[in-house]
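A.B. asks: I'll drop the sequence and a predicted model, then ask my questions.
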Amino acid sequence: MTAQPVRIAVLGSTGSIGRQTLDVVRALAGRVRVVGLAGGSNITLLEDQAREFQPSLVWCQDGKRHMDLKAAAGRSARWANMEEMAAHEGVDLAVVATTGAAGLAPTLAALRAGKAVALANKEVLVMAGQIVTATAARHRGELRPVDSEHSAIWQCLWGEDPASVAKIILTASGGAFRDKPARDLERVTPREALRHPTWDMGRKVTIDSATLMNKGFEAIEARWLFDVPMDRIDVVLHRESIVHSLVEFTDGSVKAQLGEPDMRLPIQCALVYPERVAGAGVPRLNLARHRALHFEAVDLARYPCLRLALEAGARGSTYPAVLAAADEVAVEQFALGHATFTDIPRVVDAALSAHTAPAPSNATLEAVLEADAWAREFALSRLAKKTSARR
């Protein structure tokens, strides 16, 4: 008897993870069916995707283009925002491939509806990890990590007793500027920051990789995904990006998941779990070709964003929400040429220092959203003053 295809909605289908998710769907040849597509400003690509996959649910940021998008998807297509799409009865799994705070509401909507969520959005668990995981538990929803690091940890833990985990070790490539002298970072450009040495990712994640903020986000995510306290999560530099992360157990054993630096494998893992199937089209790992793998400690003085993230994660409450929001604003302003690369940690540090957080038990969804809004306004104001001073 042939299994029914997994019905998915791809939120952020025109971004890097969204496009690669659709590559995996093509490779899986009928095992996964796209029933929802939601995209941002790249309407031309979104319409092409809609024509190819003929989803029954569509959405884009530009409401004026909804008729064009519906026409591309077919006569039966219905307009549905990302929350409605994620929770729709015809969806089995929501792929949350957006960046920033935009992923939080649809993730919660899917979990409240008891859906599985393939989560590629780092900020969702950074902002509101306790709320998201509690919602999943309460409504029997399911979180499946898509980040290569968290997918690696997830796979290492299959069949293991969670109580036997001693430590989680995240690997980091070091980003675009890992070999650049720290004194030169003030003058680097957005174009340079986007030249990641091993991964092909979207703009926000690639710049966060250059500051190593992404690894701080991943440490906070791991704390919530795997119920491991922050002081038992480590980060090591690993240039080759072959070992995607490791788990150390109480008996001293260490398990690692290895593979070529290609997001299609962790995406497929999340889509067809608990099965392992051929189809993603990812090159097979040849260790003899790589010959050597290198690891080294992270210099937190060189990567202040990682230090700030680890500290915010340890403090809890709404500090991680402030961290994520201030970083999102600072990265966007750097990408637009309105801030320097080194302004990113300065602005995030200032926002965290100025923030007054409630007790962790009072860090409700409302408090998280208030902290997010406050941090965005604070970061924009801070950067505007610096720009004015430079003139």
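C.D. replies: Nice, thanks for sending it over. Residues are numbered from 1 along each chain as shown.
A.B. asks: what's in contact with the helix or strand hosting residue 33?
C.D. replies: For residue 33, the host element (DSSP states H and E) is strand 32-39. The contact list for strand 32-39, computed with Cβ atoms under 8 Å, 6 or more residues apart in numbering, reads 5-15, 18, 22, 24-25, 45-46, 49-50, 53, 55-61, 73, 80-82, 85, 88, 90-91, 94, 271-272. Backbone N, C-alpha and C define where each C-beta goes, glycine included.
A.B. asks: Going through the residues you listed, which ones are buried?
C.D. replies: The neighbour count (16 or more other Cβ atoms under 10 Å) marks 6-15, 18, 22, 24-25, 45-46, 49-50, 53, 55-60, 73, 80, 82, 85, 88, 91, 94, 271-272 as buried among the contacts of strand 32-39.
A.B. asks: Can you report how many residues lie near the residue nearest to residue 224 when sequence neighbours are not counted?
C.D. replies: Setting aside the residues directly before and after it, residue 224 is nearest to residue 129 in space (Cβ to Cβ, 6 or more residues apart in numbering), at 3.3 Å. With neighbours defined by other Cβ atoms under 10 Å, the count for residue 129 comes to 21.
A.B. asks: What separation do you get for residue 129 and residue 3?
C.D. replies: Using Cβ to Cβ, to the nearest Å, one gets 32 Å for the distance from residue 129 to residue 3.
A.B. asks: circling back: pLDDT averaged over the strand holding residue 33 - what is it?
C.D. replies: Regarding strand 32-39, the rounded mean pLDDT is 97.
A.B. asks: what about the strands in the stretch 1-150 of the chain?
C.D. replies: Remark: strands assigned in the stretch 1-150 of the chain by DSSP state E, counting those that start in this stretch are 6-11, 32-39, 57-60, 78-79, 93-96, 116-119, 142-145.
A.B. asks: want to throw the ones you listed into a markdown table with distance to residue 265?
C.D. replies: As requested, the strands of the stretch 1-150 of the chain are exported to a markdown table (distance: least, Cβ to Cβ, whole Å):
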| stretch | distance to residue 265 |
| --- | --- |
| strand 6-11 | 17 |
| strand 32-39 | 15 |
| strand 57-60 | 27 |
| strand 78-79 | 33 |
| strand 93-96 | 15 |
| strand 116-119 | 13 |
| strand 142-145 | 13 |
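A.B. asks: Select, out of these, the one closest to residue 246.
C.D. replies: Residue 246 lies closest to strand 142-145 among these, at 15.1 Å (Cβ to Cβ).
A.B. asks: Show me what that closest one is in contact with.
C.D. replies: Strand 142-145 has contacts (Cβ under 8 Å, 6+ apart) with 93, 111, 115-119, 132-133, 136, 151, 153-154, 221, 225, 266, 269-270, 273.
A.B. asks: what's near enough to touch residue 60?
C.D. replies: By Cβ under 8 Å, 6+ apart, residue 60 lies in contact with 38, 39, 40, 43, 46, 66, 69.
A.B. asks: quick one: which of those residues is most hemmed in?
C.D. replies: Among these, residue 38 has the most neighbours (other Cβ under 10 Å), with 32 neighbours.
A.B. asks: Once you drop chain neighbours, what's closest to that residue?
C.D. replies: Leaving out its chain neighbours, the residue that sits closest to residue 38 by Cβ to Cβ, 6+ apart is residue 59, at 4.2 Å.
A.B. asks: From residue 85, how far off is that neighbour?
C.D. replies: Distance from residue 59 to residue 85, counting by Cβ to Cβ: 6 Å.
A.B. asks: And residue 342, by the same measure?
C.D. replies: Relative to residue 85, residue 342 is positioned 39 Å away (Cβ to Cβ).
A.B. asks: what's near enough to touch the closest residue to residue 140 other than its chain neighbours?
C.D. replies: Nearest residue to residue 140, sequence neighbours excluded (Cβ to Cβ, 6+ apart): residue 114, at 5.2 Å. Going by Cβ under 8 Å, 6+ apart, residue 114 touches 139, 140, 141.
A.B. asks: Mind listing what's buried along stretch 26-43?
C.D. replies: Residues of stretch 26-43 classed as buried: 27-28, 31-40, 42-43 (neighbour count, 16+ other Cβ under 10 Å).
A.B. asks: Now do the end-to-end distance for that stretch.
C.D. replies: End-to-end distance for stretch 26-43: 21 Å, by Cα to Cα, to the nearest Å.
A.B. asks: How far away from the center of its chain is it?
C.D. replies: Here the centre of stretch 26-43 is set off from its chain's centre by 18 Å, with Cα atoms, centre = their mean, to the nearest Å.
A.B. asks: Let's see the pLDDT reported for residue 2.
C.D. replies: 53.
A.B. asks: How is this structure partitioned into domains?
C.D. replies: Domain assignment for the chain, taken from automatic domain parsing, gives 6-145, 148-261+282-303.
A.B. asks: Packed most tightly, which of these would that be?
C.D. replies: Neighbour counts (mean count of other Cβ atoms under 10 Å) averaged over each of the domains of the chain peak at domain 6-145, with a mean of 21.
A.B. asks: what separates it from the chain centre, distance-wise?
C.D. replies: Offset of domain 6-145 from its chain centre (Cα atoms, centre = their mean): 14 Å.
A.B. asks: picking up where we left off before, which one of the contacts of residue 114 is nearest residue 297?
C.D. replies: Distances from residue 297 to those, taken by Cβ to Cβ, are shortest for residue 141, at 37.2 Å.
A.B. asks: Distance check, the residue lying closest to the closest one once chain neighbours are set aside against residue 200.
C.D. replies: Closest residue to residue 141 in three dimensions, ignoring its sequence neighbours and counting by Cβ to Cβ, 6+ apart: residue 111, at 3.3 Å. From residue 111 over to residue 200 the distance is 29 Å, taken as Cβ to Cβ.
A.B. asks: swap in residue 339?
C.D. replies: On the measure of Cβ to Cβ, residue 339 and residue 200 end up 25 Å apart.
A.B. asks: sorry, back to before: nearest to residue 361, out of the domains of the chain?
C.D. replies: Among the domains of the chain, the nearest to residue 361 by Cβ to Cβ is domain 6-145 (9.7 Å).
A.B. asks: Straight-line length of the closest one, end to end?
C.D. replies: With Cα to Cα applied, domain 6-145 spans 17 Å between its terminal residues.
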